[in-house]
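S.K.: no sequence on this one, just coordinates:
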């Protein structure tokens, strides 16, 4: 019959064997928590699910971790790489992989959109879902696309991507245009011929007569301005 003291000793032995493994992961907990908090701030969404892959157990602890996005221009969703500067001088840099699930709203086509269609608010509706499951170039705020023309057919329910649209030309090549110039105390308007098409804000060449050519900025339908 086993002695009653054996069970506590076995439990103690098991705990002692497990202790080094537990301690080995502890130094990286602060780093992982810091990266998680950083990604939560960057995601800017209604709901965020974050999983950070721990660094190699052979690496020393990261003192004073300062995370940054390895690709600042990329959306914070899906599988991403996060850089971390370690130490007071930040000279040591290591990279961690993370999976970010961002649950938020995004615009989709409310109806089928034909090529050449000028996008309006009536063409849009909002959906709610995981942004990580959408194409990388999906637009979350469609306000910048309003007034643009569709380059291709877009089916109802499809997420919007910037490359699907182009700025609508307000001036066509060969069109007679009004070119405005002015200052604090005067304003002048001349008629010229556009030598190339242009969307709002574009700078194009305009010809006056046979020889005079200037550059002007598109400000409206058939209207350009010269900045003095």
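M.R.: Now that the structure is in, tell me what you want to look at. What you see is a predicted model, and the numbers here were worked out from it, not measured in a lab.

S.K.: elements contacting the strand ranked longest in the chain?
M.R.: Longest strand of the chain, by residue count under DSSP state E: strand 92-109. Strand 92-109 sits against helix 29-43, strand 47-52, strand 78-86, strand 124-130, with contacts defined as 3 or more CB pairs under 8 Å, 6 or more residues apart in numbering; DSSP states H and E. Backbone N, C-alpha and C define where each C-beta goes, glycine included.

S.K.: please name the nearest non-neighbouring residue to residue 202.
M.R.: Nearest residue to residue 202, sequence neighbours excluded (CB to CB, 6 or more residues apart in numbering): residue 218, at 5.0 Å.

S.K.: what sits against the one you found?
M.R.: By CB atoms under 8 Å, 6 or more residues apart in numbering, residue 218 lies in contact with 170-171, 198-204, 224.

S.K.: return the set of buried residues in the longest strand of the chain.
M.R.: 96, 98, 100-104, 106-109 (16 or more other CB atoms under 10 Å).

S.K.: and the helices and strands packed on strand 92-109: which comes nearest residue 181?
M.R.: Residue 181 lies closest to strand 124-130 among these, at 38.1 Å (CB to CB).

S.K.: separate out the buried members of the contacts of residue 218.
M.R.: For the contacts of residue 218, buried by 16+ other CB under 10 Å: 170-171, 198-200, 202, 204, 224.
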